[in-house]
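# model the following, please.
(chains A, B, C and D)
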There are 2 protein chains.
Amino acid sequence: MDLAAVVGCCSPLVAEPLTGEQSAELARVFKAMGDPVRLRLLSLIASHAGGEACVCDLTDVFDLTGPTISHHLKVLREAGLISGERRGTWIYYRVQPDVLRRLSAVLVPGEATQNAAVAQ
Amino acid sequence: MDLAAVVGCCSPLVAEPLTGEQSAELARVFKAMGDPVRLRLLSLIASHAGGEACVCDLTDVFDLTGPTISHHLKVLREAGLISGERRGTWIYYRVQPDVLRRLSAVLVPGEATQNAAVAQ
DNA sequence: CCTTTGTATCGACCGTTATCGAATCAAGGA
DNA sequence: TCCTTGATTCGATAACGGTCGATACAAAGG
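Got it, this is the predicted structure:
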């Protein structure tokens, strides 16, 4: 999953146009965030105590079945936005803060530009 | 289109979970950016000289018909990400920088937090 | 073992959406 | 007024994506 690397190599939108490949990779991440359930899952995980949440914490928030939540978590995982780790009975998810930071840097110029340092 | 206002009223993801309504409104914007063509259109407009581009500048970049480009521009427009203005023969599009800045502020804590000032 | 509980995968249904060609509208010249 | 050019809207179609029930897997306890 070198998606994070691709996300990290883009200049801000206003600086120069994205190439076809860059826009394709970035769109995959934004598309993953383009669903209300997934965006809320992301915020629930990100803001949960300890920076992680198990699936059991997430399922009860929604009027959705387990398989559906599992599907959305998979989409977020494959987009590189979260990572999951099994510890005993439960699986804990946590966000990948670097990806969020780099996305933020793509949207606006001048901010979070340790991006440039990482890219080198 | 008070979408920009809704986008502006959200704390960073890591600070507190989004409500159902907040995630729904934010997801509409991220979904609009979740397509390679639209993301590239956005970057072409944002980085074009003068901060604006006419549709004729955008169509030739893609192997897509005019109606398809027009459709994607409409999606971006209805998401509040761009605005169009006709001047004579051509229609010029420009980005709404506030929306991008506020999206960026949702993704990471502490940055672009003139967000809070705007919200008041 | 077998059962229970937590989570993921599979297959199917169905609404949504990206795309096109054709038609339409808007502005400027001949 | 008509024709040309730029851009949108409309209608149709094919592909995608969110949701579910059924099933399968993984860990822990009887």
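
# and the helices in chain A?
A:3-8, A:20-33, A:36-47, A:55-59, A:66-78, A:97-107, A:114-119 (DSSP state H).

# tell me which of these lies nearest to residue B:80.
Closest of those to residue B:80 is helix A:97-107, at 13.8 Å (criterion: C-beta to C-beta). C-beta here means a position set from N, CA and C on the backbone, and glycine is covered the same way.

# tell me which of the helices of chain A lies nearest to DNA strand D.
Closest approach to DNA strand D among the helices of chain A is made by helix A:66-78 (3.4 Å; C-beta to the nearest atom of the strand).

# orientation of the closest one relative to helix A:20-33 in degrees?
Interaxial angle of helix A:66-78 relative to helix A:20-33 (axes from the mean of the first three to the mean of the last three C-alpha atoms, to 10 degrees): 150 degrees.

# what's helix A:66-78 in contact with?
A:1, A:32, A:35, A:37-38, A:41-42, A:55, A:58-59, A:62, A:82-84, A:93 (C-beta atoms under 8 Å, 6 or more residues apart in numbering or on different chains).

# in that helix, what's buried?
Buried residues in helix A:66-78, defined by neighbour count with 16 or more other C-beta atoms under 10 Å in any protein chain shown: A:69, A:72-73, A:75-77.

# what do you get for stretch A:53-65?
So for stretch A:53-65, counting by 16+ other C-beta under 10 Å, buried means A:53-55, A:57-58, A:62.

# now those residues as CSV including distance to DNA strand C and pLDDT?
Converted to CSV, those look like this (distance: C-beta to the nearest atom of the strand, whole Å; pLDDT from 0 to 100):
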residue, distance to DNA strand C, pLDDT
A:53, 9, 98
A:54, 4, 97
A:55, 4, 98
A:57, 8, 95
A:58, 8, 97
A:62, 13, 97
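
# which of those residues sit farthest apart?
A:54 and A:62 (15.0 Å).

# quick revisit: could you turn the buried ones of the contacts of helix A:66-78 into a PyMOL selection?
This is how PyMOL selects the buried members of the contacts of helix A:66-78, with burial counted by 16+ other C-beta under 10 Å:
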select buried, chain A and resi 32+35+37+38+41+42+55+58+62+82+84+93
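
# which two of the contacts of helix A:66-78 have the greatest separation?
Counting by C-beta to C-beta, the most remote pair of the contacts of helix A:66-78 is A:1 and A:62, 26.1 Å apart.

# rewinding a little: looking at the buried residues of stretch A:53-65, which is nearest residue B:110?
residue A:53 (22.0 Å).

# the closest one against residue A:42, yeah?
No. The criterion here is C-beta atoms under 8 Å, and residue A:53 misses it with residue A:42 at 10.5 Å.
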